[in-house]
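In: Any chance you can model this:
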Amino acid sequence: MNITADAVKQLRERTGAGMMECKKALVETKGDLDAAAELMRKQGLAKADKKAARVAAEGVIVVEKSADGRKAAMVEINCETDFVAREQDFRGFAQAVAAKALAVGAGTLESLMGSKLDSGAETVDERRRALVAKIGENISVRRYTVLSSEGTLGAYVHGTRIGALVVVKGGDAALAHDLAMHVAASNPKYRTMADVPADVVSKEREILTEQAQSEGKPPEIVAKMVEGRLRKSLGEITLLGQAFVKDPDQTIEKLVKSAKAEVVSFERYEVGAGIEKKQDDFVAEVMAQVKGATH
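Out: Next up is the predicted model:
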């Protein structure tokens, strides 16, 4: 049948798909725009499911704060390449998810994925799968957190790859922002030494003891050396024990005490942290293609 250019144009505007895909869908549905759009959506979701196993270790961190500044959501949205991470549709989706996360509050990732985006009937996961079909890469909403503060809440995003939220009791907005920036830069694992798990402390003490014993010192000296080094080692991985990035002469603990403040909690996200990326051997790949072409 004859498919008009205007019909193709309308379908492209509705789906964001290519001209040939739109024309093919219109032919299959005998020119019915609604049926064609529904067909393309189903085909797109099928394509998205096929891409779900592909590693998505690039992406963005987005932070969305409430109007009063006392609540914030932070999300990590992943894709396969940094090219797509810079793409406008991908960024728009990430921003929309962050806004939805702030609206729904703390909960499970599953419940966030099933919630409706914007004012439409489309869920977060349906929008994600449609975007996968359109862009051609696996896209995932990896994680999110929502923090609230009765005092001040610091938020900081470094570029688009590292984000941090810090809940502070007392102090002011400038202190909270500086603390969030510090967390983003220094990546503390725990808030205080008391928060470090016993097995982590025990393992660190064991390693430091072996190191000290190898130096041939008497047992009583070894014990003192180990405890001193342990305090230093644990200080480096705890927020309050770290040297402040803007003033290395003082620790975070001294900084917050001087402001009569207290760090209640913090969260830090970094794009792709903990995801095992596929390491492609480019030379081997090229050679394999060359060999294939000569056979």
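In: Quick check: beta-bridge partners of the nearest residue to residue 196 once chain neighbours are set aside?
Out: Closest residue to residue 196 apart from its sequence neighbours, by Cβ to Cβ, 6 or more residues apart in numbering: residue 190 at 5.1 Å. For the C-beta atoms, the positions are set from N, CA and C on the backbone; glycine is no exception. Beta bridges link residue 190 to residue 238 when assigned by DSSP bridges.
In: What does the pLDDT read for residue 190?
Out: Looking at residue 190, its pLDDT is 96.
In: Check residue 276 too.
Out: 73.
In: Does it fall in a helix, a strand, or a coil region?
Out: The assignment at residue 276 comes out as coil when based on DSSP: H, G, I helix; E, B strand; the rest coil.
In: To what extent is it buried, counted in neighbours?
Out: By the criterion of other Cβ atoms under 10 Å, residue 276 has 8 neighbours.
In: Return the distance of it relative to residue 190.
Out: 24 Å (Cβ to Cβ, to the nearest Å).
In: Quickly note the distance from the spatially most distant residue from the centre of the chain to residue 212.
Out: Using Cα atoms, centre = their mean, the residue of the chain lying farthest from its centre is residue 218. It sits 48.5 Å away. Between residue 218 and residue 212 the computed distance is 11 Å (Cβ to Cβ).
In: for residue 86, same thing?
Out: On the measure of Cβ to Cβ, residue 86 and residue 212 end up 49 Å apart.
In: These two: who's more crowded?
Out: More crowded of residue 86 and residue 212, by other Cβ under 10 Å: residue 212, with 19 against 13.
In: what comes into contact with the helix or strand containing the more buried one?
Out: Per DSSP states H and E, residue 212 falls inside helix 198-213. Residues from elsewhere that reach helix 198-213 (Cβ atoms under 8 Å, 6 or more residues apart in numbering): 222, 225-226, 229-230, 233-234.
In: Might you quantify the distance of stretch 3-16 from its chain's geometric centre?
Out: Mean-position distance between stretch 3-16 and its chain equals 35 Å (Cα atoms, centre = their mean, to the nearest Å).
In: can I get the CA coordinates of stretch 257-269 in PDB?
Out: Below are the C-alpha coordinates for stretch 257-269, written out as PDB (Å, rounded to 0.1, in the frame of the first residue of the first chain):
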ATOM      1  CA  LYS A 257      34.300  20.200  65.700                       C
ATOM      2  CA  SER A 258      35.400  23.800  65.100                       C
ATOM      3  CA  ALA A 259      32.100  24.400  63.400                       C
ATOM      4  CA  LYS A 260      30.200  22.700  66.300                       C
ATOM      5  CA  ALA A 261      28.800  20.200  63.700                       C
ATOM      6  CA  GLU A 262      28.500  16.500  63.300                       C
ATOM      7  CA  VAL A 263      28.600  14.300  60.200                       C
ATOM      8  CA  VAL A 264      25.600  12.000  60.500                       C
ATOM      9  CA  SER A 265      26.000  10.000  57.300                       C
ATOM     10  CA  PHE A 266      27.300  10.100  53.700                       C
ATOM     11  CA  GLU A 267      27.100   8.300  50.400                       C
ATOM     12  CA  ARG A 268      29.500   8.400  47.400                       C
ATOM     13  CA  TYR A 269      28.900   7.000  43.900                       C
END
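In: now it, how far from the centre of its chain.
Out: 21 Å.
In: Give the buried residues for stretch 189-208.
Out: Of the residues in stretch 189-208, 190-191, 196, 204-205, 208 count as buried by neighbour count, 16 or more other Cβ atoms under 10 Å.
In: just the strands in the stretch 1-150 of the chain please.
Out: Assigned by DSSP state E, counting those that start in this stretch, the stretch 1-150 of the chain shows strands spanning 58-65, 71-79, 140-148.
In: Let's have those strands in TSV, adding mean neighbour count.
Out: Listed next are those as TSV, based on neighbours: other Cβ atoms under 10 Å:
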stretch	mean neighbour count
strand 58-65	22
strand 71-79	25
strand 140-148	19
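In: can these go into JSON lines with extra columns for distance to residue 134?
Out: What follows is these, written out as JSON lines (distance: least, Cβ to Cβ, whole Å):
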{"stretch": "strand 58-65", "distance to residue 134": "16"}
{"stretch": "strand 71-79", "distance to residue 134": "12"}
{"stretch": "strand 140-148", "distance to residue 134": "15"}
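In: now those in CSV, with mean pLDDT and distance to residue 259?
Out: Below are the strands of the stretch 1-150 of the chain laid out as CSV (pLDDT from 0 to 100; distance: least, Cβ to Cβ, whole Å):
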stretch, mean pLDDT, distance to residue 259
strand 58-65, 96, 21
strand 71-79, 96, 20
strand 140-148, 96, 19
